[in-house]
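[1] Fold the following.
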Amino acid sequence: MPVIIRHMAIGLAVFAVQWLILGRLRLWGAYPDAVLLYLAYTAIRYGRQAGAVTGFGFGFLMDAIYDTWGLHMFVKTLVGFMLGMLSSSESDNLVIRPRQAFLGGLVIAIVHNGIFVTLLALQSGARNSFLVTGLWLGSAIYTAVVATLFLVFSDR
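    Okay, the predicted model is just below:
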């Protein structure tokens, strides 16, 4: 199976898991973002163009599902492009340890969620502490925990 088709199938599976399972596993209103983790993996492994295209595609799907037209698409495209600048020619031999997965997932989710929450607040005019505590920081920590758990269980 060609690489692009395999990655599209994996991406759609990750999106389905996010939409059907992880999006419903909320803790105090926070939810993990497995799509962001897969986007980060794709961008770091394949570069800016792949990161931006993947971010745009996932963002479009998330905007369609969650009715946030343009927000997910813009933020995920931007994050995919920025993370793609971190790719290297030695990304095939990339070894990630659980602590790195947690910290990397946390930093990526804090940046992503910060931009998303800011744009969401500007669009809706909302001003409450849940945007910061739940959607921004809570979801970032939850995403980092999911990244660590995924890494630990995928090594077995």
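[2] Only C-alpha atoms from now on, for both contacts and neighbour counts.
    Fine.
[3] Give the buried residues for stretch 69-76.
    Within stretch 69-76, the residues that count as buried by 16 or more other Cα atoms under 10 Å are Leu71, His72, Met73, Phe74, Val75, Lys76.
[4] Run through who's touching it.
    Contacts of stretch 69-76 with the rest of the structure, by Cα atoms under 8 Å, 6 or more residues apart in numbering, involve 36, 39, 52, 55-60, 62-63, 112, 115-116, 119-120.
[5] same thing with stretch 18-36?
    Contacts for stretch 18-36 (Cα under 8 Å, 6+ apart): 11, 14-15, 58, 76, 109, 134-135, 138-140, 142-144, 146-147.
[6] Most widely separated two among those?
    Pairwise distances across the contacts of stretch 18-36 (Cα to Cα) peak at 25.8 Å, for the pair Gly11 and Gly134.
[7] Pull out the buried positions in stretch 129-138.
    Leu131, Val132, Gly134, Leu135, Trp136, Leu137, Gly138.
[8] For the residue nearest to the spatial centre of the chain, what is the enclosing helix or strand?
    The centre of the chain sits closest to Leu36, judged by Cα atoms, centre = their mean, with a distance of 0.9 Å. Assigned by DSSP states H and E, Leu36 belongs to helix 34-46.
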